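# Provided below for reference: sequence and predicted model.
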Amino acid sequence: MSIELVPLCTIHVTMGEQVFVGAGPAGLRIIAEVATGRVEGDRLSGTWRQGAGDWLVVNGGIGTVDVRAIIETDDGANVMVSYGGRLDLSNGPGAAPIFVAPRFECGHPAYTWLNLVQAVGKGDLDGAALTYEFAEVV
């Protein structure tokens, strides 16, 4: 059995305000809001709706991302995407890629296929600009 990756979409995000909660039992908690976002792909395209964010925890130079967002597709459906992942922050933000495992939820008939998709993603942070490549695992 082999794992195949089918390109799903590219996501371009501009990060917004960061709220520093501080050090807690899990580590340093930072809530990073998303200012704008665009999803582009042959099977999934749209914009990130307001309210998307990353509940990031940093502990020992390791960042653990916890993202929830709504993608409003170009044809008007709402798709929830949630993903967790890890990044190496030992050399500062943006020095290493972000690896994530997205899942989707949608009730719109044109996008219920997403409910069965397990995806993987790789992200690159450059200042406030974040770009992800998502691929479906088949």
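Arrived safely.
# flag the shaky bits of the protein, pLDDT-wise.
Of all residues in the chain, none has pLDDT under 70.
# longest single strand anywhere in it?
Ranked by residue count, the top strand of the chain under DSSP state E comes out as strand 5-23.
# sheet partners, orientation included, of that one?
Sheet pairing for strand 5-23, assigned by DSSP bridges, gives strand 28-40 (antiparallel), strand 129-137 (antiparallel).
# minimum distance to residue 110: which of these has it?
Proximity to residue 110 (C-beta to C-beta) singles out strand 28-40 among these, at 14.8 Å. Where C-beta positions appear, they are placed from N, C-alpha and C, glycine not excepted.
# in that closest one, what counts as buried?
29-30, 32, 34, 37, 39 (16 or more other C-beta atoms under 10 Å).
# surely residue 100 touches residue 65?
Yes - A contact is recorded between residue 100 and residue 65 when judged using C-beta atoms under 8 Å, the distance being 6.4 Å.
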